[in-house]
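1. sequence below, structure please.
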Amino acid sequence: MPSTDWKNKLYFGDNLDILREEIPAETVDLIYLDPPFNSKASYNVIFGEPNGSLSSAQIMAFDDTWHWGEESEEKYSDLVTMGPRKVSLVIEAMRNFLGENDMMAYLVMMAARLIELHRVLKPTGSIYLHCDPTASHYLKMLLDAVFGLSGFQNEIVWKRSSAHNDPRRYGNIHDVLFFFTKTRSYTWNPQYTQYKQAYLDSEWKVLPSGRRVKYENMLDPQNRMQEYDFMGTSARWRTDYSGMMRLWNLPQTEVPNSHGRIKLGRNGKPIKRCRIVFLDEKKGVTLQTWWDDILYLAGGSHERLGYPTQKPEALLERIIMTSSNDGDIVLDPFCGCGTTVVAAEGLNRRWIGIDITHLAITLMKKRLQDSFGEELSPYDVIGDPKDLAGARALAAQDKYQFEWWALGLVDALPSQDKKKGADEGIDGYLRFPGPDKGRFETIICQVKGGDNISVKDIRDLRGTMEGEKAVIGVFVTLHNPTRNMLTEAVKAGFYEHSVLGTTNRYPRIQILTIEDILNGKSIQYPRQSHSQHRRAKRRTKGPEPKQQSLMDG
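-> From the prediction side, this is the model:
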């Protein structure tokens, strides 16, 4: 059971650094990772833009990571010269085959992380790596090298999509999950699926009581058992005499021409298919490696939060229930929108989530709160600025991460790709329901972490508002505004919002310092319980309800 002083953890930062510096060896019970890579779509994005394209902001977080360059060369050299021998041999062979390209850069980065994930995993622990056919064959070789051939348990195929047309090739509708363990002594809680109706109708007889029953063959299929007589029938029975007697003495009155759980022939002696089995005493079909009974998240799903790569909670719950116990620690080093930590929280597991962007950290915090409310277990966010000094340090280190963190503080979404040139005065935006039904109003945000702010910034923001038809403009600054900036903001006047005869006024230009926001100040606008992020459905602790199979009617 978890210690009383444990707190779950969300880490912001590079998972390789965090694994090495923050997580001790052999402390994690279960690892699930869905690492970003798809040769065309490019990355495991958090946001999709309104037009269906992938989020520029999230792509930036990985854009430098998966290209061959100085960092890849350095990590490759470390793996070959200082990595485990089998990893060294495999990664060197891969480079000889692939050369220096994006795929090779990806595999080098993944190899370094898999080594650390092996280190932090307990001897009884398991790891599930979720991927698609783009790199699955290479990742399997890396897993073999890190965890050993004996560590491989299964390749699981998850049907992630209904049938669709992929031009000039077969429809690609599945993902792959590689299931590896650190040793042969690993946590295992068998899971079961429901029987198909066609099987029930063909194999199970309905008794007058309504119970379903079938009669199983009790002869030894391999003829290894010694022949003996049981109650007048001599045969090579599947079990020994004491086992047959246990069936004989079990209470049962519903099946005619029987004794206990043994079916008898007309002569009153046991027959070949003599073992009586009741359906309501069976757990179901032992889970196999083809998973088609967990629905992908279609647009109408109550779980859907708008993230293109979001996985169903039921998928993670199945993995967590199978390969961990109450109070165990579950780790996801590529947390994304937080499905793993939500599933772990719901199943009374301790958890650690890591992500490289403040976008993801902000979204996970909101999702956890929306999902569990007051039932949410205590957790720490590590690497997130907690005060003004931390905000200044982040701004100095990475202005884009500072910008995304600041936008998260005011519940705004990032706007566009910073690498394409000037930001045109829009760093983020919010939308809220206007007074007219079906109409949404826009708030634009600009974030400044430098100290060279002036009244010109407010004038530029005002002009951008007019061009974007925004009703409110917000200037978020790390440093205190000048008197002239405050005066210029007041000149912009007010936005008036009328509902049911009541009119409220909100400053059209609002200046918020980071210190103001950390002290609880927020954007003034007609909230009406509205959040920029889609809210996760409130849920209780425990597994989500069973979903219908894609193959069932």
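
2. ok, residue 527 touching residue 430?
-> No - look at residue 527 against residue 430 with CB atoms under 8 Å: they stay out of range, at 9.9 Å. Bear in mind the C-beta positions are built from the backbone N, C-alpha and C, glycine included.

3. who's more crowded, those two?
-> residue 430 (24 against 13; other CB atoms under 10 Å).

4. hang on, that one is in a strand, isn't it?
-> Yes - Residue 430 sits within a strand when classified using DSSP: H, G, I helix; E, B strand; the rest coil.

5. give the contact list for it.
-> Residues near residue 430 by CB atoms under 8 Å, 6 or more residues apart in numbering: 410-413, 442-443, 445, 523, 525, 532.

6. now it. Nearest residue, chain neighbours left out?
-> residue 443 (4.3 Å; CB to CB, 6 or more residues apart in numbering).

7. tell me the phi and psi of that neighbour?
-> Residue 443 has phi and psi values of phi -110, psi 130 when expressed as degrees, to the nearest 10.

8. and the pLDDT for it?
-> For residue 443, the model assigns a pLDDT of 94.

9. what's near enough to touch it?
-> So, once contact is read as CB under 8 Å, 6+ apart, residue 443 ends up touching 412, 429-432, 470-474, 523, 525.

10. and the helix or strand residue 486 falls within, how far from the chain's centre?
-> Assessed by DSSP states H and E, residue 486 sits inside helix 483-491. Taking CA atoms, centre = their mean, to the nearest Å, one finds helix 483-491 lying 45 Å from the centre of the chain it belongs to.

11. packing partners of the next helix or strand along the chain from it?
-> Remark: after helix 483-491, the chain's next helix or strand is strand 494-499, criterion DSSP H and E. If you count contacts as 3 or more CB pairs under 8 Å, 6 or more residues apart in numbering; DSSP states H and E, strand 494-499 packs onto strand 502-507.

12. okay, now the sheet partners of the strand it packs on, with direction.
-> strand 494-499 (antiparallel) (DSSP bridges).

13. which other residues reach the helix holding residue 486?
-> 453-455, 457-459, 462, 475, 481, 507, 509-511.

14. if you set the cut-off to 7 Å instead, what comes out?
-> 454-455, 458-459, 507, 509, 511 (CB atoms under 7 Å, 6 or more residues apart in numbering).

15. in the residues you listed, find the pair that's most separated.
-> Largest separation among these by CB to CB: 454 and 507, giving 19.4 Å.

16. neighbour count winner among these two?
-> residue 507 (18 against 13).

17. residues contacting the more buried one?
-> Going by CB under 7 Å, 6+ apart, residue 507 touches 489, 494, 524.

18. can you get me a residue count around the nearest residue to the second one once chain neighbours are set aside?
-> Spelled out, that is residue 494. Spatial nearest neighbour of residue 494, excluding adjacent residues (CB to CB, 6+ apart): residue 505 at 4.2 Å. For residue 505, the neighbour count with other CB under 10 Å is 11.

19. residue 325 versus residue 93, what's the distance?
-> Distance, residue 93 to residue 325, using CB to CB, to the nearest Å: 39 Å.

20. could you do residue 282 as well?
-> For residue 282, the distance to residue 325 equals 24 Å [CB to CB].

21. just residue 393 next, same as before
-> 40 Å.

22. between those two, point out the one with more neighbours.
-> Comparing residue 393 with residue 325 by neighbour count (other CB under 10 Å), the higher total belongs to residue 325, at 16 against 13.

23. and that one, what is it in contact with?
-> Applying CB under 7 Å, 6+ apart, the residues near residue 325 are residue 187.

24. lowest average confidence, helix or strand, in this protein?
-> The weakest-scoring helix or strand in the chain, judged by mean pLDDT, DSSP states H and E, is helix 56-63 (a mean of 48).

25. what's the next secondary structure element after that one?
-> Downstream of helix 56-63 (by DSSP H and E), the next one is helix 70-82.

26. quick one: buried residues of stretch 254-271?
-> Residues 255, 258-264, 270-271 are the ones in stretch 254-271 that count as buried (16 or more other CB atoms under 10 Å).

27. show me where pLDDT drops low in the chain?
-> 1-4, 37-65, 298-302, 304-308, 416-424, 528-535, 544-553 (pLDDT under 70).

28. please report how far the residue of it positioned farthest from its centre lies from residue 231.
-> When distances are taken from the C-alpha mean of the chain, residue 267 lies farthest, 60.4 Å away, according to CA atoms, centre = their mean. For residue 267, the distance to residue 231 (CB to CB) stands at 11 Å.

29. and for whichever strand or helix holds residue 180, what's in contact with it?
-> Residue 180 belongs to strand 174-181 when elements are defined using DSSP H and E. For strand 174-181, the surrounding residues in contact (CB under 7 Å, 6+ apart) are 126-132, 136, 139-140, 143, 147, 151-160.

30. restricting to C-alpha, output it in CSV.
-> Taking only C-alpha atoms (Å, rounded to 0.1, in the frame of the first residue of the first chain), the coordinates of strand 174-181 have been written out as CSV:
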residue,chain,number,x,y,z
HIS,A,174,-4.7,-0.8,-35.8
ASP,A,175,-2.0,0.2,-33.4
VAL,A,176,0.5,-2.1,-31.7
LEU,A,177,1.3,-2.5,-28.0
PHE,A,178,4.5,-4.3,-27.0
PHE,A,179,4.2,-5.9,-23.6
PHE,A,180,7.5,-6.6,-21.9
THR,A,181,8.4,-7.5,-18.3
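
31. got the buried residues for it?
-> 174-181.

32. just put the residues you listed in CSV and tack on distance to residue 359.
-> Output for the buried residues of strand 174-181, formatted as CSV (distance: CB to CB, whole Å):
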residue, distance to residue 359
174, 28
175, 23
176, 27
177, 25
178, 28
179, 30
180, 30
181, 33
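
33. before we move on, back to that, partner residues bridging the residue nearest to residue 430?
-> residue 430, residue 472.

34. check the one 4 residues further on too.
-> Beta-bridge pairing for residue 447 (DSSP bridges): residue 476.

35. can you tell me which residues contact it?
-> 403, 406-407, 427, 476 are the contacts of residue 447 under CB under 7 Å, 6+ apart.

36. let's go with 6 Å and repeat that
-> 403, 406, 427, 476 (CB atoms under 6 Å, 6 or more residues apart in numbering).

37. before we move on, back to that, for the buried residues of strand 174-181, which one is nearest residue 291?
-> The nearest member of the buried residues of strand 174-181 to residue 291, counting by CB to CB, is residue 177 at 8.3 Å.

38. can you give me the strands for the stretch 201-350 of the chain?
-> Along the stretch 201-350 of the chain, counting by DSSP state E, counting those that start in this stretch, strands occupy 205-206, 212-216, 228-230, 233-235, 258-259, 262-264, 270-278, 285-286, 290-291, 329-332, 350-355.

39. redo these as CSV? Include distance to residue 499.
-> Formatted as CSV, these follow (distance: least, CB to CB, whole Å):
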stretch, distance to residue 499
strand 205-206, 60
strand 212-216, 59
strand 228-230, 82
strand 233-235, 83
strand 258-259, 73
strand 262-264, 73
strand 270-278, 62
strand 285-286, 55
strand 290-291, 48
strand 329-332, 42
strand 350-355, 38
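
40. compare those strands and give me the one nearest residue 70.
-> strand 350-355 (23.9 Å).

41. packing partners of whichever helix or strand comes after the closest one?
-> Counting by DSSP H and E, the next helix or strand C-terminal to strand 350-355 is helix 358-372. Applying 3 or more CB pairs under 6 Å, 6 or more residues apart in numbering; DSSP states H and E, we find helix 358-372 packed against helix 399-409.
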